[in-house]
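>>> Starting from these lines, generate the structure:
(2 chains)
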Number of protein chains: 2
Amino acid sequence: MTEADFIAALRTLPLHPGAHDLTDDAAHLGDLVLTKDMIVEGVHFLGNDPPADVAWKLVATNLSDLAAKGAEPVGVMLGVPIGDDAWDRAFLAGLDAVLRSFACPLLGGDTVKLPPHAPRLLSLTALGRSAHAPRRDGAKAGDALWVTGTIGDAGAGLAIARGGDGPAALLNRYRRPTPRLAEGQALAPLVHAMMDVSDGLLIDATRMAAASGLAVTIDLADVPLSEALRTFGHDALTAATAGDDYELLFACDTTPPVAATRIGTFAAGAGLTLLNAGRAIPLPERLGYQH
Amino acid sequence: MTEADFIAALRTLPLHPGAHDLTDDAAHLGDLVLTKDMIVEGVHFLGNDPPADVAWKLVATNLSDLAAKGAEPVGVMLGVPIGDDAWDRAFLAGLDAVLRSFACPLLGGDTVKLPPHAPRLLSLTALGRSAHAPRRDGAKAGDALWVTGTIGDAGAGLAIARGGDGPAALLNRYRRPTPRLAEGQALAPLVHAMMDVSDGLLIDATRMAAASGLAVTIDLADVPLSEALRTFGHDALTAATAGDDYELLFACDTTPPVAATRIGTFAAGAGLTLLNAGRAIPLPERLGYQH
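This next block holds a predicted model:
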């Protein structure tokens, strides 16, 4: 089954009201926000990625889901296969670094042994607290679309991790993303909709528009690119379809109180319209990573 | 690294106070109880186990950890690989059955695709609420040791699942364990220590005694065995070292308000003493499943 089919089938099972009918990246229990992600060797990370970076990314990507809810991290439940001493020690060092960096303690978890030659699969459930957890479906016609940070760096970093040449700063953006926790907490009370960019700016913005029952227009010329990415040679369209950014994408009708770039607008209708410096351009075949 | 080494290393990381220094099966956030277990094909379940039973066991074993805390289930966060239509549909049917059976809704989760030929790894975080969550380290000298239900049925069921002949009732005890939620809720305010029997009665009782700084004596003649197990031919020692029972093991100084069997006593000292109808017998080489 595809992910969409499987989730549709899950919706026929007994669901908690805080599951929001499985339409969002996080669940709620009172002011607790819960999110769970699994990552698989060979799918979500490369077999030769440093284990410390795998630990970092596992935690950081879950905390990014909390950031999109304006949540402060409470703790994480970790599931990890063990058995290879060098890998395990390096993983623990990365886990220590990421938990300290984002002031997120370990709550518990489970370890397992894998059969020989099995790819590693790691699992994390992250818990946070948020008084104002925005969803992705609340954008209003007339809202502007904003994004924090720069887009596409991680996509270039993935190309470098796969054996390309390029600056360590871009590789680092792929391997050690920064969840925008402080930004998320500042934005949550003000925005109409918010999510993190994990599958690609264009596809994630399209999902926000669809969930909100609106059309969205994005001007590629406004998409924030780092100097390092421009030098690397990736253009805005490549950046906006690359994914793994873990920046915050949000809809609001005021100037946000954090560093962010206005990249588009919501209006009545449906679908994505792409501009380049004000002129409409055709949509690319692929808007981002499709599950 | 071994599980013990890995957990010792985790203790040097930032821990939440509710992690109880990673000495227990569950963590706490206020009156919320959290537990996480992963199961791996070829390790925790067999490749030819029916997918509906895999779903049942994944949920039921986590709910058993909640039962040992006297918790009422609140919801579960599921992590599951998808992609094989027949497997996925059968898994969903089993998931539906187990969630309905124990009134536990789905809160959220994640799906992943695995590389070809990778063994399945499933993950669950279960949340419950308990006003009086007992730990495993509170047994007192003079307490009796009690256990719910019957012991060893699942061990016989595993032998049957591996290709042996035997009654469906025993196989069912291995594939579809029953978390003792009502018993756990009734016992939690009264017991001094409680845990579920997952690795084997003898090893789990020894762990409760060690955590409590006490010695424990168990009389094998008192270990409750089902008629089906006696007919199958497994003796009490086999039963008490088999594991996968998911019965509740508890220490208390009163007669419990649920159906349970008194199988031993705690006293000052350390270690396990085994009796058979009052006469001391040597300990077996293996007390249960060691991680």
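>>> How many residues are close by residue A:92?
If you count neighbours by other CB atoms under 10 Å in any protein chain shown, residue A:92 ends up with 21. Backbone N, C-alpha and C define where each C-beta goes, glycine included.
>>> Helix or strand next in line after the helix or strand where it lies, which one?
Applying DSSP states H and E as the criterion places residue A:92 in helix A:85-101. Moving toward the C-terminus from helix A:85-101, the next helix or strand (DSSP H and E) is strand A:106-112.
>>> ranges for the helices of the stretch 51-200 of chain A?
With DSSP state H, counting those that start in this stretch as the criterion, the stretch 51-200 of chain A has helices at A:51-68, A:85-101, A:153-161, A:168-175, A:181-187.
>>> Out of those, which is closest to residue B:244?
helix A:85-101 (26.7 Å; CB to CB).
>>> Okay, angle between that closest one and strand A:106-112 too, please.
Per axes from the mean of the first three to the mean of the last three CA atoms, to 10 degrees, the angle that helix A:85-101 makes with strand A:106-112 is 160 degrees.
>>> Tell me who's in contact with residue A:209.
A:139, A:215-216, A:266, A:270-272 (CB atoms under 8 Å, 6 or more residues apart in numbering or on different chains).
>>> What about the residues you listed, which one has the most neighbours?
residue A:139 (29 neighbours).
>>> Please look at that residue and residue A:194 and confirm they touch.
No - under the criterion of CB atoms under 8 Å, residue A:139 is not in contact with residue A:194, lying 9.4 Å apart.
>>> Name the residues contacting each of the two.
In contact with both residue A:139 and residue A:194: residue A:251, using CB under 8 Å, 6+ apart.
>>> Show me how far the helix or strand encompassing residue A:33 is from its chain's centre.
Using DSSP H and E, residue A:33 sits in strand A:32-40. Distance of strand A:32-40 from its chain centroid, counting by CA atoms, centre = their mean, to the nearest Å, is 11 Å.
>>> before we move on, what about stretch A:154-174?
17 Å.
>>> what comes up buried for it?
Residues of stretch A:154-174 classed as buried: A:154-161, A:166-167, A:170-174 (neighbour count, 16 or more other CB atoms under 10 Å in any protein chain shown).
>>> looking at chain A, which residue lies furthest from center?
residue A:116 (31.5 Å; CA atoms, centre = their mean).
>>> Give me the sheet partners of the strand holding residue A:33 and which way each runs.
strand A:27-29 (antiparallel), strand A:121-129 (antiparallel) (DSSP bridges).
>>> Tell me which of the ones you listed sits most buried.
strand A:121-129 (a mean of 27; mean count of other CB atoms under 10 Å in any protein chain shown).
>>> thinking again about what came up before, any chance you could give me the helix holding residue A:92 in PDB, C-alpha atoms only?
Extracted as PDB, the C-alpha positions of helix A:85-101 are listed here (Å, rounded to 0.1, in the frame of the first residue of the first chain):
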ATOM      1  CA  ASP A  85      30.500  -1.000  19.300                       C
ATOM      2  CA  ALA A  86      32.100   1.800  17.200                       C
ATOM      3  CA  TRP A  87      28.800   2.800  15.600                       C
ATOM      4  CA  ASP A  88      27.000   2.700  19.000                       C
ATOM      5  CA  ARG A  89      29.600   4.900  20.700                       C
ATOM      6  CA  ALA A  90      29.600   7.500  17.900                       C
ATOM      7  CA  PHE A  91      25.800   7.500  17.800                       C
ATOM      8  CA  LEU A  92      25.800   8.100  21.600                       C
ATOM      9  CA  ALA A  93      28.200  11.100  21.200                       C
ATOM     10  CA  GLY A  94      25.900  12.600  18.500                       C
ATOM     11  CA  LEU A  95      22.800  12.000  20.700                       C
ATOM     12  CA  ASP A  96      24.500  13.700  23.600                       C
ATOM     13  CA  ALA A  97      25.300  16.700  21.400                       C
ATOM     14  CA  VAL A  98      21.900  17.100  19.900                       C
ATOM     15  CA  LEU A  99      20.000  16.700  23.200                       C
ATOM     16  CA  ARG A 100      22.300  19.300  24.900                       C
ATOM     17  CA  SER A 101      22.100  21.700  21.900                       C
END
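>>> near chain B, anything from it?
Yes - judged by CB under 8 Å from any CB of the partner chain, helix A:85-101 and chain B are in contact via A:85, A:88-89, A:92, A:95-96, A:99-100.
>>> Any residues of the stretch 51-200 of chain A in contact with chain B? List them.
Counting by CB under 8 Å from any CB, the stretch 51-200 of chain A comes close to chain B at A:74-75, A:77-79, A:81-83, A:85, A:88-89, A:92, A:95-96, A:99-100, A:103-115, A:118-119, A:121, A:123, A:125, A:127.
>>> and residue A:88, how many neighbours?
By other CB under 10 Å, neighbour count at residue A:88 equals 20.
>>> Sorry, wrong one. I was asking about residue A:253.
13.
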